[in-house]
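[1] Sequence and predicted model, in that order:
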Amino acid sequence: MAVYKCFDCKKEVSPDLLRKKVRCPYCGGKILFKPRTQVTKIKAR
């Protein structure tokens, strides 16, 4: 399940809270993003 973060308050927002409108339920911010997972570096040959 995807977890989103608010750009303003940095709190995690579950997709269940975003069904009706795309706003942070904590601060009302409109910009949400999905944090990236761990970056894997591959060495070029």
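    Cool, the structure landed.
[2] Model confidence for the residue nearest to residue 6 when sequence neighbours are not counted, exactly?
    Once flanking residues are discounted, residue 6 sits nearest to residue 24: 4.0 Å by C-beta to C-beta, 6 or more residues apart in numbering. C-betas here are computed from N, CA, C, even on glycine. The score at residue 24 is 90. That number is its pLDDT.
[3] Please report how far residue 37 lies from residue 17.
    The gap separating residue 37 from residue 17 is 22 Å, by C-beta to C-beta, to the nearest Å.
[4] higher neighbour count, these two?
    residue 17 (13 against 6; other C-beta atoms under 10 Å).
[5] can you tell me how far the nearest residue to that one once chain neighbours are set aside sits from residue 41?
    Using C-beta to C-beta, 6+ apart and skipping the chain neighbours, the partner closest in space to residue 17 is residue 25 (5.0 Å). With distances taken as C-beta to C-beta, residue 25 is found 36 Å from residue 41.
[6] where does the residue nearest to residue 6 fall, helix, sheet strand or coil?
    Using DSSP: H, G, I helix; E, B strand; the rest coil, the structure places residue 24 in coil.
[7] isn't it right up against residue 5?
    No - judged on C-beta atoms under 8 Å, residue 24 makes no contact with residue 5 at a distance of 9.1 Å.
[8] Would you mind listing the residues touching both of those two?
    Residues touching both residue 24 and residue 5 by C-beta atoms under 8 Å, 6 or more residues apart in numbering: 11, 13, 32.
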